[in-house]
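*Asks:* could you look at this predicted model? Sequence included:
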Amino acid sequence: MASLKELRNRIASVQATQKITRAMQMVAASKLRRAQEAAEAARPYADRMGAVLANLAAGITDTTSAPRLLAGTGKDQRHLLIVATAERGLCGGFNSSISRLARADAKRLMDEGKQVQILCVGRKGHDALKRTFEKELLEPITYQGLKSIGFEQAHHVAEQVLADFEADKFDICTLYFSRFENVISQIPTGLQIIPANIETSEADDLAGALQGAAYDYEPEENEILDALLPRNITVQVLRALLENAASEQGARMSAMDNATRNAGEMIDSLSITYNRSRQAQITKELIEIISGAEAL
Amino acid sequence: MADKLQFDLVSPEKLVFSARVDGVQIPGAEGDFGVLPNHSPVMAMIRAGTLVIENDGKTQEFTLDGGFVDVTPQGVTVLAETIGEGAAQEA
């Protein structure tokens, strides 16, 4: 049995840990609200962009002249996986579940004999994938010390990806991030962004309303599409990064909530042990005194 | 004024402006143009310039550095990456 002093120290240290996890939980909760607002604020732009693109893409019948960002290179040999993760740990399974999904997909593609390149956005994903995919990893993009993710960062990522695409370094690009469902569930998702995978579900009502209308294009349809597709990449990346930021805080919040609760349980059981052994020791001392007095 | 058009100005980070207005002047890539209610559908690129919103005899300006406009029967949507707010003025 541990001595009373040892027990006291352990209780104190668990209490200190609990204080930290509770503080982290509260910080994550307030950051989560801001991240959620940012993710929601970005939605109109992405939705409209999707609607406009769907509309334009529907008008293009001749796929051979379509921009390569939309039609693809016609091959699917070389893949670029963008893995977006957090900069920090202590957020439950957040980073590992994204990396796990990306790793499984990368393995599958490599087994099929495809070439894979991995671009990590965020330090944690790079750390997690470093061991398995040493050769495939590109120089990671990290945002250490940055307070919030914004358009600048997304633009930076998109520019790099587009430059690589122009330089003909890959055929298909997939973006891995964690979709923010709600505070307790974040779903790791892979989204193909090159060639553009135009979602029609959200855009349907808007596009449907426009079907009959005779559109004027200024400049030509193709030129507009050429200008819009790169922007669409940026928007997709931005949306992924914002959703990721919200997911990260959500995951951290629930992880820290669990940790705080665990610490509470530990403190309770340690206190019981502590009280019992204190009691036992008092009883023992009493018995010693009484039996000493009787012996006299 | 009976006729107004729905105008939305959207940046990647938020919805900057959304209201029913009398008209908008847009710095199009191939020349400025104004949009009034019941405009025919247009899709156009925007060059860097100033966008002017007219409403109830007042104007409000936004500076854009390029973007995209979609004019539909439902309204006008401007997608721009960086939006600077200009001063509201009495016309």
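*Replies:* Now that the structure is in, tell me what you want to look at.

*Asks:* and A:R100, how many residues sit next to it?
*Replies:* Neighbour count for A:R100, taken as other C-beta atoms under 10 Å in any protein chain shown: 14. (C-beta placed from N, C-alpha, C; glycine too.)

*Asks:* excluding chain neighbours, what is closest to the most centrally placed residue in chain B?
*Replies:* Nearest to the mean C-alpha position of chain B, by C-alpha atoms, centre = their mean, lies B:V24 at 4.8 Å. In this structure, B:V24 finds its nearest non-sequential neighbour in B:V35, 4.9 Å apart by C-beta to C-beta, 6 or more residues apart in numbering or on different chains.

*Asks:* just checking, that neighbour touches B:I26?
*Replies:* Yes: with contact defined as C-beta atoms under 8 Å, B:V35 counts as touching B:I26 (6.4 Å).

*Asks:* ok, these two, which is more surrounded?
*Replies:* More crowded of B:V35 and B:I26, by other C-beta under 10 Å: B:I26, with 24 against 20.

*Asks:* the host helix or strand of the more buried one pairs with which strands, parallel or anti?
*Replies:* Here B:I26, judged by DSSP states H and E, is contained in strand B:23-28. When pairing is defined by DSSP bridges, strand B:23-28 lines up against strand B:31-35 (antiparallel), strand B:42-55 (antiparallel).

*Asks:* please identify the deepest-packed of these.
*Replies:* Comparing those by mean neighbour count (mean count of other C-beta atoms under 10 Å in any protein chain shown), strand B:42-55 comes out on top with a mean of 19.

*Asks:* now do the helix or strand where A:A240 lies and strand B:42-55, the angle between them.
*Replies:* For A:A240, the element it lies in under DSSP H and E is helix A:221-295. On the basis of axes from the mean of the first three to the mean of the last three C-alpha atoms, to 10 degrees, helix A:221-295 is oriented at 70 degrees to strand B:42-55.

*Asks:* helix A:221-295 vs chain B: in contact?
*Replies:* Yes: with C-beta under 8 Å from any C-beta of the partner chain as the measure, helix A:221-295 is seen reaching chain B through A:223-224, A:227-228, A:231, A:234-235, A:238.

*Asks:* separate out the buried members of those.
*Replies:* Using 16 or more other C-beta atoms under 10 Å in any protein chain shown as the burial test, the residues of helix A:221-295 next to chain B include A:224, A:227-228, A:231, A:234-235, A:238 as buried.

*Asks:* could you list the low-pLDDT ranges of chain B?
*Replies:* For chain B, the stretches flagged by pLDDT under 70 are B:1-2, B:86-91.

*Asks:* quick one, strands of it?
*Replies:* For chain B, applying DSSP state E gives strands covering B:5-10, B:15-21, B:23-28, B:31-35, B:42-55, B:58-72, B:75-80, B:83-90.

*Asks:* distance to A:L69 added to the ones you listed, as JSON lines?
*Replies:* Formatted as JSON lines, the strands of chain B follow (distance: least, C-beta to C-beta, whole Å):
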{"stretch": "strand B:5-10", "distance to A:L69": "22"}
{"stretch": "strand B:15-21", "distance to A:L69": "26"}
{"stretch": "strand B:23-28", "distance to A:L69": "23"}
{"stretch": "strand B:31-35", "distance to A:L69": "27"}
{"stretch": "strand B:42-55", "distance to A:L69": "16"}
{"stretch": "strand B:58-72", "distance to A:L69": "16"}
{"stretch": "strand B:75-80", "distance to A:L69": "17"}
{"stretch": "strand B:83-90", "distance to A:L69": "25"}
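
*Asks:* ok, now how distant is the residue of the stretch 151-296 of chain A found nearest chain B from A:F94?
*Replies:* The stretch 151-296 of chain A approaches chain B most closely through A:E218 (4.0 Å), counting by C-beta to the nearest C-beta. Distance from A:E218 to A:F94, counting by C-beta to C-beta, to the nearest Å: 45 Å.
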